[in-house]
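[1] have a look; sequence and predicted model below, questions after that.
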Amino acid sequence: MQTSRISNILWVAISNLVLLLANFGVSVLLANHLGANAFGTFMFAYTIFNYLIILNNYGLKKYVITNLSSNQKAFHELYSSSLLIKLLLSIITGIILLFLLLNLDMEIPKKVSIIIFFIASFFLAFDLQAFYDSYEKSKVDSFLLILRNLLYFGVTLFLVLVNKANVISVSLVFLATTFLYVLLQYGFIKRYLSSIKLVFRKENIKTVLFGAFPLFWAEVMVNIYDKADIIMLSTMKGDKEVGIYSVATRLVAAIILVVGAAYRVLLPSLSKVDNLEKRNMYISNAVKYLGIITIPITIGGIATSSQLIDFFFNDEYQGSVIALQILLLNVTIVGIGAIFGTVLLAIGEVRYYTFAITCGAVINIIGNFLLIPRYSFIGASITTVLAQLIVSGVSFFIYKRKYNPEFKFNLTKVVFISTLMGGMAFLLGNKISVIFNIIFCMILYILLVIISNVVDRKNFVHGFK
């Protein structure tokens with residue numbers, strides 16, 4: 001089991017790395033090829049897609065993981081009930097979306113792209129990722145995701161090279177690769193999991209419907225505090241500002257995605273831990289080692305932000321440097337803080353998890369209304385970081401007050417070493433290329449970590465296990 005878990009972690013990490021490279025690669029290609037305005041249009045449609053996924057999924061992915069991990073005999077009932085709920089929600093969402101698109105004054109390419117993304121979200125109603133994760137077969141699903149994302153990037157690159165890339169064509173590529181991904185999930189399921197039997201019972205559907213609602217509400221709130229800025233920025237300022245802002249958000253999201261691999265594997269594992277002392281050991285180790293990774297990324301990223309924007313994007317996106325520097329704070333906030341929300345979810349404290357997320361959503365909406373009209377995407381960046389800080393802080397204080405754990409994270413040395421590395425990165429910024437700057441600072445950071453004995457090898461291996 002331990003070997004399987006480590007293998008899953010590695011595969012999920014690799015999958016997230018490929019997703020990072022594919023999504024960011026597509027962003028770089030489209031931002032430079034289409035220009036800020038058209039790129040902003042694409043990002044607006046993609047943001048709508050994320051909301052459609054949340055509405056169609058109804059929190060069922062996390063619900064299935066937390067329930068199926070402890071009761072694998074319920075596979076057929078959970079699959080059947082969740083599928084029926086998702087299909088009904090997809091149909092209702094589609095009708096509402098079509099009505100809005102017919103009555104809103106919006107450019108045709110934006111409307112068509114939103115429809116294409118809706119179809120992709122409909123296919124994902126059949127998604128089996130939660131079931132693969134519950135059976136600790138994340139590596140299988142990760143392989144399929146790697147294939148899907150490589151195809152998505154490869155075809156988009158081809159369209160750019162032959163000058164056929166536009167908002168609609170790239171949206172169609174996303175749709176095709178999404179369909180292939182779901183199709184392959186079903187092709188592999190008989191080999192690794194149980195064969196599927198549809199079992200529709202009224203009591204099961206009712207239990208799943210009510211049981212998943214708090215998770216659904218939490219995911220809606222997550223998307224409000226995480227992605228409402230794109231919608232509000234587009235409405236208040238226009239797609240060009242969205243395009244400039246999205247350059248920064250995509251770069252930061254790509255980095256956070258790697259950190260997110262740990263949480264995808266950690267959730268089913270924590271769901272099985274009943275011992276408070278063992279759970280707190282999980283938390284302490286997760287915070288410590290994620291801090292060792294995320295703190296230098298934040299500080300080093302802030303020091304090299306101007307170089308990074310210059311390296312990947314043309315002069316049209318220079319305004320995104322300050323937004324990137326602000327948003328990079330979220331790498332550490334999410335890396336360290338999200339563990340407490342994950343723990344609340346894993347141990348069944350969904351109402352507290354939902355409360356923390358709702359606080360972040362409210363702060364984000366209010367902050368965007370106040371700051372976007374005056375400061376545009378800079379205001380959106382500030383609000384996004386503040387909302388994430390609220391979510392992580394509330395989750396931490398709820399867990400600490402309820403279980404009174406004694407945590408000793410010992411991250412002072414990491415902050416000091418990361419600051420030294422960041423200062424060196426800033427000084428070298430105008431002297432060497434960003435690639436050599438990053439490589440040099442990574443080596444410097446690792447050497448300083450070893451010299452200062454931040455990580456004890458035996459404790460690291462024990463903590464990882």
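    Nice, thanks for sending it over.

[2] grab the nearest non-local neighbour of residue 101.
    With C-beta to C-beta, 6 or more residues apart in numbering as the criterion, residue 101 has its nearest non-adjacent residue at 5.1 Å, and that residue is residue 111. C-betas here are computed from N, CA, C, even on glycine.

[3] these two touch, right, residue 217 and residue 59?
    Yes - using C-beta atoms under 8 Å, residue 217 is in contact with residue 59, at 7.4 Å.

[4] same drill for the two, tell me which one is more crowded.
    A count of neighbours by other C-beta atoms under 10 Å puts residue 59 above the other of residue 217 and residue 59, at 22 against 18.

[5] how about the more buried one, what does it touch?
    212, 213, 214, 215, 216, 217, 218, 219 (C-beta atoms under 8 Å, 6 or more residues apart in numbering).

[6] from residue 171, how far off is the residue nearest to residue 101?
    11 Å (C-beta to C-beta, to the nearest Å).

[7] do the same with residue 316
    For residue 316, the distance to residue 171 equals 22 Å [C-beta to C-beta].

[8] more neighbours: the two, which one.
    Between residue 316 and residue 171, residue 171 has the larger neighbour count (other C-beta under 10 Å), namely 23 against 17.

[9] can you pull the contacts of that one?
    42, 45, 112, 113, 116, 117.

[10] where does it land in three-state SS?
    helix (DSSP: H, G, I helix; E, B strand; the rest coil).

[11] same check on residue 430?
    coil.

[12] run a quick neighbour tally on it.
    Neighbourhood size, residue 430 [other C-beta under 10 Å]: 9.

[13] for the stretch 51-200 of the chain, what spans make up the helices?
    Secondary structure of the stretch 51-200 of the chain, counting by DSSP state H, counting those that start in this stretch: helices at 60-68, 75-103, 108-123, 129-134, 138-161, 167-192.

[14] using TSV, please lay out those helices together with mean pLDDT.
    Output for those, formatted as TSV (pLDDT from 0 to 100):
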stretch	mean pLDDT
helix 60-68	71
helix 75-103	85
helix 108-123	91
helix 129-134	73
helix 138-161	90
helix 167-192	88
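
[15] so which of those comes closest to residue 285?
    Closest approach to residue 285 among the helices of the stretch 51-200 of the chain is made by helix 138-161 (19.9 Å; C-beta to C-beta).

[16] check which residues of the closest one are buried.
    Using 16 or more other C-beta atoms under 10 Å as the burial criterion, the residues of helix 138-161 that qualify are 138-142, 144-149, 151-153, 155-156, 159-160.

[17] now swap in stretch 416-428 and tell me
    Neighbour-count burial for stretch 416-428 [16+ other C-beta under 10 Å]: 417, 418, 420, 421, 422, 424, 425, 426, 428.

[18] return the distance of that stretch from the chain's centre.
    Counting by C-alpha atoms, centre = their mean, to the nearest Å, stretch 416-428 is centred 28 Å from the centre of its parent chain.

[19] could I get the average pLDDT for that stretch?
    Taken as a whole, stretch 416-428 has a mean pLDDT of 89.

[20] how about stretch 448-455?
    Here the average pLDDT along stretch 448-455 is 79.

[21] stretch 323-338 too?
    Rounded mean pLDDT across stretch 323-338 is 87.

[22] residues contacting that stretch, please?
    Outside stretch 323-338, the residues that touch it by C-beta under 8 Å, 6+ apart are 244-245, 247-249, 251-252, 255-256, 259, 263, 287, 290-291, 293-295, 297-298, 301-302, 305, 308-309, 377-378, 380-382, 384-385, 388-389, 391-393, 395-396.

[23] OK, contacts around residue 217?
    59, 354, 358.

[24] repeat that for residue 357.
    By C-beta under 8 Å, 6+ apart, the residues touching residue 357 are 218, 221, 222, 225, 341, 391.

[25] so which of those wins on neighbours?
    Across the contacts of residue 357, neighbour numbers were computed from other C-beta under 10 Å; residue 391 holds the maximum, 30 neighbours.

[26] secondary structure element holding that residue?
    Assessed by DSSP states H and E, residue 391 sits inside helix 350-403.

[27] quick revisit: can you put the buried residues of stretch 416-428 in a markdown table and add distance to residue 102 and secondary structure?
    What follows is the buried residues of stretch 416-428, written out as a markdown table (distance: C-beta to C-beta, whole Å; DSSP: H, G, I helix; E, B strand; the rest coil):
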| residue | distance to residue 102 | secondary structure |
| --- | --- | --- |
| 417 | 57 | helix |
| 418 | 52 | helix |
| 420 | 58 | helix |
| 421 | 54 | helix |
| 422 | 51 | helix |
| 424 | 57 | helix |
| 425 | 51 | helix |
| 426 | 52 | helix |
| 428 | 55 | helix |
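
[28] which of those residues sits closest to residue 90?
    Nearest to residue 90 among the buried residues of stretch 416-428: residue 418, at 44.6 Å, using C-beta to C-beta.

[29] from residue 392, how far out is that closest one?
    Counting by C-beta to C-beta, the gap from residue 418 to residue 392 is 19 Å.

[30] same thing with residue 154?
    Taking C-beta to C-beta, one finds residue 154 at 36 Å from residue 392.

[31] repeat for residue 386
    As for residue 386, its distance to residue 392 is 11 Å (criterion: C-beta to C-beta).

[32] okay, the two: which has more neighbours?
    In this view residue 386 and residue 392 are compared by other C-beta under 10 Å, and residue 392 has more residues nearby, 23 against 20.

[33] ok, and the closest non-adjacent residue to that one?
    Distances taken as C-beta to C-beta, 6+ apart put residue 337 closest to residue 392, at 2.4 Å, once the chain neighbours are dropped.

[34] please work out how many residues are found near the one you found.
    Residue 337: 23 neighbours (other C-beta under 10 Å).

[35] distance-wise, check it relative to residue 356.
    10 Å.

[36] which residues do those two both contact?
    Residues within reach of residue 337 and of residue 356 at once, by C-beta under 8 Å, 6+ apart, are 391, 395.

[37] could you dump the buried residues of stretch 416-428 to CSV with distance to residue 403?
    Formatted as CSV, the buried residues of stretch 416-428 follow (distance: C-beta to C-beta, whole Å):
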residue, distance to residue 403
417, 31
418, 30
420, 36
421, 35
422, 35
424, 40
425, 39
426, 41
428, 45
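
[38] between the one helix or strand residue 11 maps to and helix 138-161, how many degrees?
    Using DSSP H and E, residue 11 sits within helix 2-34. Interaxial angle of helix 2-34 relative to helix 138-161 (axes from the mean of the first three to the mean of the last three C-alpha atoms, to 10 degrees): 10 degrees.

[39] and stretch 21-32, what's buried?
    Residues 22, 23, 24, 25, 26, 27, 28, 29, 30, 31, 32 are the ones in stretch 21-32 that count as buried (16+ other C-beta under 10 Å).

[40] mind listing what's buried in the helix or strand encompassing residue 343?
    Here residue 343 sits within helix 329-346, counting by DSSP H and E. For helix 329-346, a neighbour-count test (16+ other C-beta under 10 Å) marks 329-346 as buried.

[41] any idea how far that helix is from the chain center?
    The chain centroid and the centroid of helix 329-346 are separated by 12 Å under C-alpha atoms, centre = their mean.
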